[in-house]
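**Student:** sequence and predicted model, in that order:
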Amino acid sequence: MKKIFSRPESLKDTPHLYCPGCGHGIIHRLIAEVIDELGVREKTIGVAPVGCAVFAYDYFNFDVTEAPHGRPPAVATGIKRVLPDRVVFTYQGDGDLAAIGTAEIIHAAARSENITVIFVNNANYGMTGGQMAPTTLIGQKTSTTPEGRIENCHGLPIKVSELMAIFDGVSYIERTAVNTPKNILRTRKAIKMAFEAQIENKGLSLVEILSQCPVEWHMNPVVSAKWLDEEMLKFYPLGVIKG
Amino acid sequence: MEKKTLMKGNIAIAQGAIDGGLDAYFGYPITPQNEIPEFMSKKLPEINKVFIQAESELASINMVMGSAVAGFRSMTSSSSPGISLMQEGLSYLCGCELPCLIVNVQRGGPGLGNISGSQADYFQTVKGGGHGDYRLIAFAPDSVQEMYDFSLLSFELSEKYRNPVMILTDGVLGQMMEPIVVAIHEPRATSHEPRATKNWALDGCAGRKPRLIRSLLMVEGELEKHNWHLNRKYDDITKSEVKYEIVGHKDADVFIVAYGIVARICKSVIKDAGSKVGLIRPITLWPFPSEIISEIASPGKKKFLTVEMNLGQMVEDVKLSVNGKSPVEFLGRPGGGLVTAEEILQKLKGML
């Protein structure tokens, strides 16, 4: 019988420990599929963040290093500059990239570092118990905004893709989501475009992936996919932002 | 081959690192060490190596981490406030066991302080300024020659133990010019040679199993095991890598303990003070030369005088080494004040 579906080589045969309905597992698989498809598994080096996705290194079947919170773009810079022919990517959450690591991502973009950034936006700090993130929506309840995020108290959410688009050194930016099969397929395409941009030496490429966090959103997986559709997409429209 | 040349301390550190096979330098401007990044920005591109002026010291130390992860010889340099910002990175580098060189050309503190030479970062360097149980191998040169020599030596040493090396110097030595002897050889063309022996470095998993570099060890007991492993390594370093210099007679009545530029001043004092005064100069601040200090200490016969450009930091380690066997006195000046030979002589008169 012909085998038509299997685990990508870039993904280890390890059960994921992510929460039920979490988007990280889907995103890991999409990255692994793209890396296999591009035939670059043996020259890929991943940089894992601090946050839920630090465990990415337990699942990817290629070289991965850890980085301090927010610093993956600096660590990736150090790797890529000494090994320019390798494929180097960071996998970062919204706290990692858009709060504590803002300086690192902005300056990696300003230097047009030839790396790929997979930015997972789930509008809260999943790992630490669902606190407010820089991407938390106005009105969204989190464990540190119990009455909902209030504009004149907690500040406004950051649109990372739009912010990054102003840098000439950034070659490709797309915002996608992993809440529906259609959006998942589009995310896969965007990840491939981003890695291809790096392989073609075009400078920094970034995919912002809106992802569900059912446990910390206090919703079941179906409702969280719907909430992403109805609430997050209003503020974070999908599409190619630069490319 | 060797040649004699006149060189500034900061430049000697930079040249020593290049001669030691430096592949990548990352830094952020701060006085009094700017000669290092300026020199690197000119020299490294000429030999096809990496120079980046980072957006902050946080970025510098993490770029160092990236290049070290890939198995390349990497360094950064800064001065006290910048080194404070790097403490997070140092903790990670030690946890992940990544070799690299960090240079601290100390200035006066606390806070923004001033730009005079200082030794106020001793605690930060040898007691661990970052979180967790970790150690840095710390050299304290007292001449421009040693700045060159230790910089050159640092990569091999840090690779041997998979541990960061710090050169702890100060604004006085950094800005001082002296004639030194440098090696004349072509810097290593590439890092293939050292990298080939690094069976942990990440460079893509072609022909081997994927590798992982991390300091997060969540499985019960795993982190304790890792810490015990680090501790065994630190014990090995303590056994094998202590460096110190003794000046004067071993049977002198008073022993000064001083390092770096202060040791240099003390050497001139000893010449004038005669045979009753000796000097123990720690060259490695960690591992600290406790054994020799303990050996020299004896009840009723010896006295120690620790001289530092701070309010009393290394003196604590001297006291621990002496362990109550002899009196230990302290002379110091903080905030960039340079201890003078006259002040030291005056203090010695009271002790002899």
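**Tutor:** Happy to help now that I have it. Numbers count the residues shown, from 1 in each chain, chains lettered A, B, ... in the order given.
**Student:** what's the neighbour count on residue B:352?
**Tutor:** Neighbours of residue B:352 under the rule other CB atoms under 10 Å in any protein chain shown: 12. Bear in mind the C-beta positions are built from the backbone N, C-alpha and C, glycine included.
**Student:** quick check, it in contact with residue B:276.
**Tutor:** Yes. Shown here, residue B:352 and residue B:276 form a contact pair, counting by CB atoms under 8 Å, at 5.8 Å.
**Student:** pull up the overlap in contacts between these two.
**Tutor:** B:253, B:254 (CB atoms under 8 Å, 6 or more residues apart in numbering or on different chains).
**Student:** what sits against residue B:13?
**Tutor:** B:36, B:77, B:103, B:147, B:148, B:151, B:167, B:169, B:174.
**Student:** ugh, wrong one, I meant residue A:44
**Tutor:** Per CB under 8 Å, 6+ apart, neighbours of residue A:44: A:10, A:35, A:62, A:63, A:86, A:87, A:88, A:89, B:204.
**Student:** just give the closest residue to the residue of chain A found nearest chain B, not the sequence neighbours.
**Tutor:** Residue nearest to chain B within chain A: residue A:78 (2.1 Å; CB to the nearest CB). Distance criterion CB to CB, 6 or more residues apart in numbering or on different chains; nearest residue to residue A:78, sequence neighbours excluded, is residue B:66 at 2.1 Å.
**Student:** go ahead and confirm that neighbour touches residue A:76.
**Tutor:** Yes. If you go by CB under 8 Å, residue B:66 and residue A:76 touch, sitting 6.2 Å apart.
**Student:** who touches both of the two?
**Tutor:** Shared contacts of residue B:66 and residue A:76, counting by CB under 8 Å, 6+ apart, come down to residue A:47.
**Student:** so what's the residue lying closest to residue B:85 once chain neighbours are set aside up against?
**Tutor:** Spatially, and ignoring its direct neighbours in sequence, residue B:85 is nearest to residue B:57 (4.0 Å; CB to CB, 6+ apart). Residue B:57 is in contact with B:28, B:30, B:76, B:78, B:82, B:83, B:85, B:86, counting by CB under 8 Å, 6+ apart.
**Student:** and the contacts of the helix or strand hosting the third one?
**Tutor:** The reference is to residue B:76. Here residue B:76 sits within strand B:74-78, counting by DSSP states H and E. Counting contacts by CB under 8 Å, 6+ apart, the residues outside strand B:74-78 that touch it are A:78, A:82, B:13-14, B:17, B:22-28, B:30, B:33, B:36-37, B:57, B:60-61, B:63-64, B:67-68, B:85-86, B:100-105.
**Student:** what about residue B:163, which SS state?
**Tutor:** coil (DSSP: H, G, I helix; E, B strand; the rest coil).
**Student:** where's the residue lying closest to it once chain neighbours are set aside relative to residue B:285, distance?
**Tutor:** In space, not counting the residues next to it along the chain, residue B:163 is nearest to residue B:137; the distance is 6.0 Å by CB to CB, 6+ apart. Separation of residue B:137 from residue B:285 (CB to CB, to the nearest Å): 9 Å.
**Student:** residue ranges with poor pLDDT in the chain?
**Tutor:** Since you didn't name a chain, this refers to chain A. Counting by pLDDT under 70, chain A contains no low-confidence segment.
**Student:** actually, chain B is the one I wanted.
**Tutor:** In chain B, residues with pLDDT under 70: B:185-197.
**Student:** in it, what residue is nearest chain A?
**Tutor:** For chain B, CB to the nearest CB, closest residue to chain A: residue B:66, 2.1 Å.
**Student:** which neighbouring elements make contact with the longest helix along chain A?
**Tutor:** In chain A, assigned by DSSP state H, the helix with the most residues is helix A:181-199. Helices and strands touching helix A:181-199, by 3 or more CB pairs under 8 Å, 6 or more residues apart in numbering or on different chains; DSSP states H and E, are helix A:24-38, strand A:87-93, strand A:116-121, strand A:170-177, strand A:204-210.
**Student:** the inter-axis angle of that helix versus strand A:87-93?
**Tutor:** Using axes from the mean of the first three to the mean of the last three CA atoms, to 10 degrees, the direction of helix A:181-199 lies 140 degrees away from that of strand A:87-93.
**Student:** how many neighbours does residue 217 have?
**Tutor:** This is for chain A. Under the criterion other CB under 10 Å, the count of neighbours that residue A:217 has is 22.
**Student:** actually it's chain B I care about, not the one you picked
**Tutor:** Counted with other CB under 10 Å, residue B:217 comes out at 14.
**Student:** now it. Nearest residue, chain neighbours left out?
**Tutor:** Using CB to CB, 6+ apart, the closest residue to residue B:217 is residue B:223 (4.1 Å).
**Student:** give me the element the one you found is part of.
**Tutor:** helix B:222-240.
**Student:** what comes into contact with that helix?
**Tutor:** B:94, B:95, B:97, B:133, B:134, B:135, B:137, B:161, B:162, B:163, B:217, B:287.
**Student:** closest to residue A:156 among those?
**Tutor:** Checking the contacts of helix B:222-240 against residue A:156 with CB to CB, the nearest one is residue B:95 at 36.1 Å.
**Student:** burial count for the closest one?
**Tutor:** 23.
**Student:** which residues sit in contact with the closest residue to it other than its chain neighbours?
**Tutor:** Nearest-residue entry for residue B:95: residue B:215, 3.0 Å, with adjacent residues in sequence omitted and distances by CB to CB, 6+ apart. Residue B:215 makes contacts with A:66, B:92, B:95, B:96, as judged by CB under 8 Å, 6+ apart.
**Student:** check these and tell me the two furthest apart.
**Tutor:** A:66 and B:95 (8.9 Å).
**Student:** tell me which helix or strand the spatially closest residue to residue B:120 that is not a sequence neighbour sits in.
**Tutor:** Counting by CB to CB, 6+ apart, residue B:120 lies nearest to residue B:310, which is 4.3 Å off, once chain neighbours are set aside. For residue B:310, there is no host helix or strand (DSSP H and E).
**Student:** turn the helices and strands packed on helix A:181-199 into a markdown table, columns for distance to chain B and mean neighbour count.
**Tutor:** A markdown table is the format used below for those (distance: least, CB to the nearest CB, whole Å; neighbours: other CB atoms under 10 Å in any protein chain shown):
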| stretch | distance to chain B | mean neighbour count |
| --- | --- | --- |
| helix A:24-38 | 11 | 22 |
| strand A:87-93 | 8 | 28 |
| strand A:116-121 | 14 | 27 |
| strand A:170-177 | 16 | 24 |
| strand A:204-210 | 14 | 27 |
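**Student:** just send the ones you listed back as JSON lines, with distance to residue A:158 too.
**Tutor:** Formatted as JSON lines, the helices and strands packed on helix A:181-199 follow (distance: least, CB to CB, whole Å):
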{"stretch": "helix A:24-38", "distance to residue A:158": "20"}
{"stretch": "strand A:87-93", "distance to residue A:158": "13"}
{"stretch": "strand A:116-121", "distance to residue A:158": "10"}
{"stretch": "strand A:170-177", "distance to residue A:158": "13"}
{"stretch": "strand A:204-210", "distance to residue A:158": "11"}
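**Student:** hang on, the earlier thing: and the contacts of strand B:74-78, which of them are in helices?
**Tutor:** The helices, defined by DSSP H, take in A:78, A:82, B:13-14, B:17, B:36-37, B:57, B:60-61, B:63-64, B:67-68, B:85 from these.
**Student:** farthest-separated two in those residues?
**Tutor:** Between all members of the ones in helices among the contacts of strand B:74-78, the farthest pair (by CB to CB) comes out as A:82 and B:85, at 22.8 Å.
**Student:** out of those two, which sits in the more crowded spot?
**Tutor:** residue A:82 (25 against 17).
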